[in-house]
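> Any chance you could fold what I've pasted below:
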Amino acid sequence: MKGLEICRSFYNEFGAPMLHEQFPEYEGLIAVGLVGSGSECYGFDDEISKDHDFEAGFCMFLPDEDIIDRQTAFQLERAYSKLPKEYMGLKRSILSPAGGNRHGVIRMSDFYTEKVGSPTGDLSSAEWLTIDEFYLSEATNGEIFRDDCGAFTLIRNKILNMPEDIRLKKLAGNLIVMAQAGQYNFKRCLDHGEQGAAQLAVVKFAEAGMRTVFLLNRAYMPYYKWSFRMLRTLPLLSSLADSFEFLITSDNSLQTAETKYFIIEDIASMIIDELQKEEITKAVCGDLEKHAYSVNDFIKDSEIRNLNIFSAV
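Take a look at the predicted model:
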């Protein structure tokens with residue numbers, strides 16, 4: 001059974017009764033779920049995941065102190081700590097009074113401030129352009145088991161819905177990195193005999209390409225160690241995961257390098273097809289750089305459109 005399922009079961013069996021019996025006046029104000037850091041929040045946990053920070057638990061997201069005060073929050077934390085210390089063979093950790101816990105009582109405002117820098121999920125254009133997407137991913141992953149008043153979900157939905165102009169700016173920036181690193185510099189570096197630089201170029205191409213695929217799927221790319229795992233689950237272009245993996249794990253011998261050239265162009269072609277299907281490029285060619293500037297031209301907000309094309313990468 002996956003960690004998320006175990007945590008949901010633990011909440012249903014012990015957490016929900018605890019809230020209903022001991023805090024009936026507050027249970028409708030508390031959002032409960034499992035969101036944030038950890039492979040279990042993505043459903044990517046396995047036997048190796050159990051070596052650290054893996055347990056049955058859940059988060060109780062509280063509104064601000066004017067609605068649920070510190071004393072009640074402390075009582076909730078104590079009640080949570082008294083729940084069974086082991087569940088389905090997993091031992092629960094001792095909660096730290098200094099904070100920093102993944103489970104237990106967490107203020108909604110603290111959670112979202114830690115992840116995206118805003119307690120309400122309202123982000124400026126500059127913040128949207130500069131926040132690393134794995135933070136946006138951690139703020140919106142997992143599952144909410146209950147949110148009767150909808151306060152937590154309201155903020156969550158704000159972050160899930162990246163503004164279209166921001167998405168286009170990020171696409172444009174990543175497309176031009178792909179063009180320069182993969183379609184141009186990879187071969188030139190090899191021609192100069194710079195094997196290390198060539199491999200760096202292909203890694204940059206692959207990373208920008210993966211970010212592009214996530215953006216085309218309107219999804220946030222998670223922390224790098226989960227990026228390939230999640231890429232393989234996406235509706236669009238998930239098949240490119242194997243191509244990206246080959247590019248960054250293979251050598252640059254003469255024959256392999258030639259194969260890489262073809263793979264790079266194949267990836268570019270498939271991405272251009274998606275751009276054209278979305279009707280967010282007017283360029284008619286295989287040059288990703290031209291498509292990058294064409295995508296940028298579709299940005300409606302002139303301030304965002306006129307920013308340096310690399311401003312979002």
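
> residues in contact with the closest residue to Y26 other than its chain neighbours?
Nearest non-adjacent residue to Y26, counting by C-beta to C-beta, 6 or more residues apart in numbering: I68, 5.9 Å away. C-betas here are computed from N, CA, C, even on glycine. I68 makes contact with Y26, L29, I30, L62, according to C-beta atoms under 8 Å, 6 or more residues apart in numbering.

> for the stretch 101-250 of the chain, what are the low-confidence residue spans?
Under the criterion pLDDT under 70, no range of the stretch 101-250 of the chain is flagged.

> Is the residue nearest to Y26 in a helix, a strand, or coil?
Classification of I68 by DSSP: H, G, I helix; E, B strand; the rest coil places it in coil.

> If I look at it, what pLDDT would I see?
I68 carries a pLDDT value of 96.

> With L240 as the reference, measure out to it.
46 Å (C-beta to C-beta, to the nearest Å).

> Likewise for E274?
According to C-beta to C-beta, E274 stands 11 Å off from L240.

> Quick one: residues contacting the residue nearest the centre of the chain.
Among the residues of the chain, the one closest to the centroid is S137, at 2.5 Å (C-alpha atoms, centre = their mean). By C-beta under 8 Å, 6+ apart, the contact list for S137 reads Y220, M221, P222, Y223.

> make it 10 Å
Listed by C-beta atoms under 10 Å, 6 or more residues apart in numbering, the contact set of S137 reads 41-42, 115, 159, 214, 219-223, 226-227, 230.

> State the helix or strand in which T256 lies.
helix 254-278 (DSSP states H and E).

> ok now that helix, how far from the chain's centre?
25 Å (C-alpha atoms, centre = their mean, to the nearest Å).

> right, and the helix or strand after that helix?
helix 288-297.

> Contacts for the helix or strand just after that following helix next, please.
Using DSSP H and E, the helix or strand that follows helix 288-297 in sequence is helix 302-305. For helix 302-305, the external contacting residues (C-beta under 10 Å, 6+ apart) are 125-126, 128-129, 163, 165-166, 168-169, 172, 296-299, 311-312.

> so M60 touches V35, yeah?
No. If you go by C-beta atoms under 10 Å, M60 and V35 don't touch, sitting 11.5 Å apart.

> anything in contact with each of these two?
With contacts taken as C-beta under 10 Å, 6+ apart, the residues that reach both M60 and V35 are I106.

> what about the residue nearest to Y26, distance to I263?
54 Å.

> before we move on, what about G193?
G193 sits 22 Å away from I263, going by C-beta to C-beta.

> ok, now S250?
Relative to I263, and taking C-beta to C-beta, S250 is found at 10 Å.

> ok, how many other residues are close to the closest residue to D266 other than its chain neighbours?
Spatial nearest neighbour of D266, excluding adjacent residues (C-beta to C-beta, 6+ apart): S243 at 7.1 Å. For S243, the count of nearby residues is 17 (other C-beta atoms under 10 Å).

> likewise the one 5 residues further on?
Neighbourhood size, I248 [other C-beta under 10 Å]: 14.

> what do you get for the one 5 residues further on?
Neighbour count for S253, taken as other C-beta under 10 Å: 10.

> distance between the ends of stretch 35-44?
Using C-alpha to C-alpha, to the nearest Å, the end-to-end distance of stretch 35-44 comes to 13 Å.

> Show me what counts as buried in stretch 3-21.
Buried positions in stretch 3-21, judged by neighbour count with 16 or more other C-beta atoms under 10 Å: G3, L4, I6, C7, R8, F10, Y11, F14, G15, A16, M18, L19.

> next one: stretch 187-207
Across stretch 187-207, burial judged by 16+ other C-beta under 10 Å covers K187, C189, L190, A198, Q199, A201, V202, V203, K204, F205, A206, E207.

> and the fourth one, what does it touch?
Right, A198. Going by C-beta under 10 Å, 6+ apart, the list of residues near A198 reads N185, F186, K187, R188, C189, L190, D191, H192, N252, A257, K260.

> how about a cut-off of 8 Å?
F186, C189, L190, N252, A257.

> what helix or strand is it on?
Per DSSP H and E: helix 195-216 holds A198.

> could you say what helices and strands the helix or strand following that helix packs with?
Scanning forward in sequence from helix 195-216 by DSSP H and E, the next helix or strand is helix 224-231. Under the contact definition 3 or more C-beta pairs under 8 Å, 6 or more residues apart in numbering; DSSP states H and E, helix 224-231 sits against helix 195-216, helix 240-249.

> CA atoms only for the last one - export them in CSV, please.
If I follow you right, that is helix 240-249. Listed next in CSV are the C-alpha coordinates belonging to helix 240-249 (Å, rounded to 0.1, in the frame of the first residue of the first chain):
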residue,chain,number,x,y,z
LEU,A,240,10.2,11.7,-24.4
ALA,A,241,11.4,10.6,-20.9
ASP,A,242,13.4,7.8,-22.5
SER,A,243,14.9,10.2,-25.0
PHE,A,244,16.0,12.7,-22.4
GLU,A,245,17.4,9.9,-20.3
PHE,A,246,19.5,8.5,-23.2
LEU,A,247,20.8,12.0,-24.0
ILE,A,248,22.2,12.6,-20.5
THR,A,249,23.4,9.0,-19.7
